[in-house]
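K.L.:
Sequence and predicted model, in that order:
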Amino acid sequence: MNNDTVSTDVLIIGGGPAGLATAIHLADTLKQKGQGQRILLIEKGSSIGSHIISGAVIKPEVFKELLPEVDISEIPFNAKVIKDNTVLLSENGHLALPFHIPYMNNIGNYTASLGQICKYLAVKAQEKGVEIYTGFAVDEILYKDGKVTGAKTKDTGLDHHGHQLENFQAGTSIEAKITVFAEGTRGSLAKMLIKKFNLSKDRNEQIYSLGCKELWSVPQGNIEAGQIYHTMGYPLNNDEFGGGFIYGLNDNKVAVGLVVGLDYKDPSFDVHDAMQVWKTTSLVSRILKGGKLLEYGAKTLPEGGYYAVPKLYVDHALIVGDSAGLVTMPALKGTHLAIKSGMLAAQTAANALINNDCSEKSLQQYEVLMKASFIHNEMHVVRNTRQGFAKGLIIGGLHFGTQLISGGAGFFGRLRTHADHETTSKVSELKKKPFRERFKGKLEFDKVLTFDKATDIYHSGVYHDEQQVVHLHIHDQEKFNAINIEEYGAPEQFFCSSEVYELHTNKDGKKELRIHAENCMHCKTCDIKTPGERITWVVPNGGNGPDFQNM
């Protein structure tokens, strides 16, 4: 990777489940056909898994398809789900529902650290001849005659102003016959590709949720391995879509978290702090009592569903996994879809390479295969689920009920979405109590059960080189100050899961937003939720960011 230009047959950008599945299945398929093309996978994290975070409860069947030679017991799942509970929370109690919400039954699935799963898949990929390079950030798509020809890794050794330091190293251009974008949620390159080729034409706006997660060690008996809870209600109100999860793991560990749709209105809403309030409920606090915080992380998830999936192929390029928006609602499951999409992309790429035709017409096979797979079936039947809740839980519940009896259509057919950056209310227009008034007295954290962001950040292993250009770009600072700060109250200081944005009053009495990029968790909420889309997230230096171990 030190050469100015590297050539490969297939370049995969991203070492999550989608990218690794693409690599594994492509290597297997080419070998079966007597081929030996080069497959190169680039991951921006310091190691495979270091940027991977998920709940996670995983459907295992797709792993049998991906790795038919491997016994399912060899895959590093955690505990098999034996008890699955849905609970309605209130401030002072909880009620276990006597039924499962449709599409939410997890009995027989497995809890897991998705990061550990990815480490395992990376080993399998390397055994099959895939080249994997970690710690390399890719920030540019290469084109020739309007067609994708590969990508370029980020220049390093630049100071805050972009000036070259003594250790400057120009990025490497990686030329590929096919480039697969597997960057995960809100992939920065996939975002560029989708915009350049208008791949979301006639699609719904993609919308997202933000999930904050903590991994705990708890005393024996607090929760069984394989016992899981999904919670509804408190601390969220009717206008806030989301809920909590509690997953009992082996070795007396438990994963807890809160996931909230980013289409909420309150500019002061704070998912991290809402999770801390959620932990004070009787159910969650009992399970965590006597325990110890081990890790913290946050990530956005694409929730737009079937109608928000863009066109996933152009000349010489494919999009897979979360970058493609492949997540089902209301279960918020995407791992099995990511793996399957990677396998379908691999099948498409193999045929294109063998036929020496990587054109858009050739790669259209990916869409054909997708429509014939369980990905289409699972997403189509819930195609209107998430957007049905745009006007609150009560109306959303009515929509969901009609969708259940109409194969997903509901009363009105296709429901539209509004981008999350459009849904925030100005401070003066907010009609309900703001977040910090709602939970006055509950936002002082004891650092035993509840934690401030600074403490949680410490448990993420986050690191960024101090000498580099800030990777969070504010567009039109004057307009940002006049609108985002003065009219919206700087919602960035609240929605950021890792205290990157700090509202500061300078010596002239003017408010300004300070950026602490070193705290960034790479959740990309700012890129999604900032009013007016006035912040763009780009990749920092390779190897920077969180260093998740078991998330």
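P.N.:
Thanks, I have it.

K.L.:
shaky segments in the protein?
P.N.:
Applying pLDDT under 70 to the chain picks out residues 1-3.

K.L.:
Mind doing that once more with 80?
P.N.:
Low-confidence segments of the chain (pLDDT under 80): 1-3, 392-393.

K.L.:
Where do the domain boundaries of it fall?
P.N.:
The chain is divided into the following domains under automatic domain parsing: 5-68+116-204+306-380, 77-112+206-302, 387-415.

K.L.:
Quick check: which of the ones you listed is nearest to residue 429?
P.N.:
domain 77-112+206-302 (8.8 Å; Cβ to Cβ). Yep, even glycine has a C-beta here, placed from its N, CA and C like the rest.

K.L.:
Isn't residue 91 up against residue 283?
P.N.:
No: with contact defined as Cβ atoms under 8 Å, residue 91 does not reach residue 283; the gap is 11.8 Å.

K.L.:
what about those two, which has more around it?
P.N.:
Each of residue 91 and residue 283 has its neighbours counted (other Cβ atoms under 10 Å); residue 283 has more, 19 against 13.

K.L.:
what's the helix or strand for that one?
P.N.:
For residue 283, the element it lies in under DSSP states H and E is helix 282-288.

K.L.:
Which stretches in the stretch 401-550 of the chain count as helices?
P.N.:
Using DSSP state H, counting those that start in this stretch, the helices of the stretch 401-550 of the chain run over 435-438, 453-458, 477-479, 492-495, 525-529.

K.L.:
What ranges does the stretch 401-550 of the chain have for its strands?
P.N.:
472-474, 501-505, 511-515, 535-537 (DSSP state E, counting those that start in this stretch).

K.L.:
neighbouring strands for the second one, and are they parallel or not?
P.N.:
Pointing back at strand 501-505 there. strand 511-515 (antiparallel) (DSSP bridges).

K.L.:
Also the last one?
P.N.:
Based on DSSP bridges, the strands next to strand 535-537 in the sheet, each with its direction, are strand 472-474 (antiparallel).

K.L.:
Can you check which of the domains of the chain gets nearest to residue 516?
P.N.:
The minimum distance between residue 516 and these falls on domain 5-68+116-204+306-380, with 13.2 Å, by Cβ to Cβ.

K.L.:
Quick one: end-to-end length of the closest one, please.
P.N.:
With Cα to Cα, to the nearest Å as the measure, domain 5-68+116-204+306-380 spans 42 Å from end to end.

K.L.:
From the chain's centre, how far out is that domain? Work that out for me.
P.N.:
Mean C-alpha position of domain 5-68+116-204+306-380 versus that of the full chain (Cα atoms, centre = their mean, to the nearest Å) differs by 14 Å.

K.L.:
and the longest helix for the protein?
P.N.:
helix 335-354 (DSSP state H).

K.L.:
Which residue ranges of the stretch 251-400 of the chain form strands?
P.N.:
For the stretch 251-400 of the chain, strands defined by DSSP E, counting those that start in this stretch occupy the ranges 253-261, 292-302, 313-314, 317-319.

K.L.:
Out of those, flag the one nearest residue 72.
P.N.:
Between these, strand 253-261 lies closest to residue 72; by Cβ to Cβ that is 21.2 Å.

K.L.:
Tell me the buried residues in that closest one?
P.N.:
The neighbour-count check on strand 253-261 (16 or more other Cβ atoms under 10 Å) flags 253-261 as buried.

K.L.:
Show me which pair in those is furthest apart.
P.N.:
Across these, the two lying at the largest distance from each other (Cβ to Cβ) are 253 and 261, at 27.6 Å.
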